[in-house]
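Asker: Here is a sequence with its predicted model. Questions after.
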Amino acid sequence: MNTAEPLPLVALVEDDADMRAATAQLLSLHGFEVRTFVDAADALAGVAADFPGVVVTDVRMPGMTGIELFGVLHARDPQLPVVLITGLGDVEMAVAAIKAGAWDFLTKPFDPDALLAAVIRAARARALTLENRQLRAIADAQAGEALVGETPAIRRLRDMIPMLADVALDLVIEGELGSGKEHYARLVHRAGRRSRHRFLKIDCATVPAELVERELFARNGVIQRAHRGTLFLDNLGLASVDLQNRLTRLAEARVVGLEARDPDPVDLRIIASIEEGTRERVSSALFHLLAGVPLRMPPLAERTADIPLLFAHFAARAAAQHGCTITSLADHAHRLAARDWAGNVLELEKTTERICLGLDVGDRGKAGLISLPERIDAFERAAIIEAITAARGEIAAAIEALGLPRKTFYYRIKRLGIDLRALRSAQG
């Protein structure tokens, strides 16, 4: 066990004082924090539904038996690991309890190493279960939040949204590709009075030179449609010199239709995004006109502590959209936290969606490959989900499109673990 981590917790239920003391000592010497209980009633009072550990209980006890104790604890929390210590005559009952959800059982006299191995495995499983619950709870709590994450930089940016929403200043948001610059701009727009009007995005990297005056800045042109709303200038660092010069005049005068005798005034909030490494390509005049409040979106490499929360958030969204589920958030989150994320939050979002659909090969195997049967399952799962989505939840139409017998369709739904009810609900 890693002694740098908090001591794993064991609730030991044993009515024999000598056995209780010896077992508690064994577990304590191997890095467990042990809470002892003399009988089942005592344990029920001390083991809550969210107990952060493992229960080890004798079966033969006066009053309530260990099997009955397991039944009550299992009803409270089906994922609480319970290890049963049985006599030879209780094996049949213990096996029945295992089928009902008990973690493991050992027969007396038990091998100390066998007990330690069972408890260690159960403690690790319990830690992952509770971490999964915590991630889901935080994801649910932040589902309507502006910005998911708890690192200091993200907290500051989140706290600034209501302050920036209606301030009469333009913004420049710098950050790496996929770090969430546009998302943040939209959050600022939605939080203020301009939310009643358009959020108009222009990708400065793709605007043809011949359309600058004719389409963008003309009277009744593209930019004028954002009147009283927000104009989002994406990739400002990749704008041509001519476009930057025209944007400078817009930022200064807030008018369009310069070719006309009386240009039209436009009431705009301008928010620009600049990918890191391209700021020097923006003219100094334009940058300082727009950077009323300069902001920076941190890359995912600087906020790796947020990866589990972001993963849980995106997993919930993918589940709602595709009717798929990710059973062990914590396992995936720990694995993903060790990856390099050149595409930042956007890459994490797409990776989460692929995991939910069973299409992400991740870092499995020496070459990052999955087995042929796993690939086939992933393909079948994606094809079935795509067919149901295309059929807007109409199962008969999906079956026809897939060309499967109805019996085969439902067999594969069950084998691939597709939540048909959730998938149909997601289609409205």
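Answerer: Thanks, I have the structure now. Residues are numbered from 1 along each chain as shown.
Asker: Which stretches in the stretch 201-350 of the chain count as strands?
Answerer: 230-234, 255-256, 264-265, 269-275, 293-297 (DSSP state E, counting those that start in this stretch).
Asker: Relative to the fourth one, what are the paired strands and their orientations?
Answerer: I take that to be strand 269-275. When pairing is defined by DSSP bridges, strand 269-275 lines up against strand 171-175 (parallel), strand 230-234 (parallel).
Asker: So what's the gap between whatever helix or strand comes next after the first one and the chain middle?
Answerer: With elements assigned by DSSP states H and E, the helix or strand that comes after strand 171-175 is helix 181-191. Helix 181-191 sits 20 Å away from the centroid of its parent chain (C-alpha atoms, centre = their mean, to the nearest Å).
Asker: what mean pLDDT does the helix or strand hosting V54 have?
Answerer: Using DSSP H and E, V54 falls within strand 53-58. Across strand 53-58, the average pLDDT comes to 93.
Asker: now whichever helix or strand comes after it and strand 53-58, what's the angle there?
Answerer: Using DSSP H and E, the helix or strand that follows strand 53-58 in sequence is helix 66-76. Angle of helix 66-76 versus strand 53-58, following axes from the mean of the first three to the mean of the last three C-alpha atoms, to 10 degrees, is 160 degrees.
Asker: Relative to E213, which of the strands of the stretch 201-350 of the chain is closest?
Answerer: strand 255-256 (9.8 Å; C-beta to C-beta). Heads up, the C-betas are built off the backbone N, CA and C, glycines and all.
Asker: ok, the closest one: who's next to it in the sheet?
Answerer: Short version: by DSSP bridges, strand 255-256 pairs with strand 264-265 (antiparallel).
Asker: Residues in contact with the strand it pairs with: which ones?
Answerer: R219, Q224, R254, V255, V256, G257 (C-beta atoms under 8 Å, 6 or more residues apart in numbering).
Asker: again, 6 Å this time
Answerer: Outside strand 264-265, the residues within contact range by C-beta atoms under 6 Å, 6 or more residues apart in numbering are R219, V255, V256, G257.
Asker: Ok, stretch 285-302 next?
Answerer: 153, 169-176, 179-181, 244, 247-248, 251, 270, 272, 341, 344-345.
Asker: hmm, which of these are the buried ones?
Answerer: The neighbour-count criterion (16 or more other C-beta atoms under 10 Å) marks 170-176, 179-181, 244, 247-248, 251, 270, 272, 341, 344-345 among those as buried.
Asker: average pLDDT across the longest helix seen in the chain?
Answerer: Determined from DSSP state H, the single longest helix within the chain is helix 112-141. Helix 112-141 shows a mean pLDDT of 80.
Asker: What are the buried residues along it?
Answerer: 115-116, 118-120, 122-123, 126-132, 135, 138-139.
Asker: swap in stretch 75-90?
Answerer: Buried-residue list, stretch 75-90, by 16+ other C-beta under 10 Å: D77, L80, P81, V82, V83, L84, I85, T86, D90.
Asker: quick one, phi psi at the third one?
Answerer: Spelled out, it's P81. phi -70, psi 130 (degrees, to the nearest 10).
Asker: Now do it against N220, distance only.
Answerer: 68 Å (C-beta to C-beta, to the nearest Å).
Asker: How about the fifth one?
Answerer: For V83, the distance to N220 (C-beta to C-beta) stands at 75 Å.
Asker: Quick one: the helices in the stretch 251-400 of the chain, in order.
Answerer: Counting by DSSP state H, counting those that start in this stretch, residue ranges of the helices within the stretch 251-400 of the chain are 284-290, 307-322, 329-337, 344-357, 372-390, 395-402.
Asker: between those, which one is nearest to V13?
Answerer: Nearest of the helices of the stretch 251-400 of the chain (C-beta to C-beta): helix 329-337, 27.5 Å.
Asker: Can I get the closest one in PDB, CA atoms only?
Answerer: Extracted as PDB, the C-alpha positions of helix 329-337 are listed here (Å, rounded to 0.1, in the frame of the first residue of the first chain):
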ATOM      1  CA  LEU A 329     -14.900   7.800 -14.700                       C
ATOM      2  CA  ALA A 330     -12.000   7.700 -12.300                       C
ATOM      3  CA  ASP A 331     -10.100   5.000 -14.100                       C
ATOM      4  CA  HIS A 332     -10.300   6.800 -17.400                       C
ATOM      5  CA  ALA A 333      -9.600  10.200 -15.800                       C
ATOM      6  CA  HIS A 334      -6.300   9.000 -14.200                       C
ATOM      7  CA  ARG A 335      -5.200   7.500 -17.600                       C
ATOM      8  CA  LEU A 336      -6.200  10.700 -19.500                       C
ATOM      9  CA  ALA A 337      -4.400  12.900 -17.000                       C
END
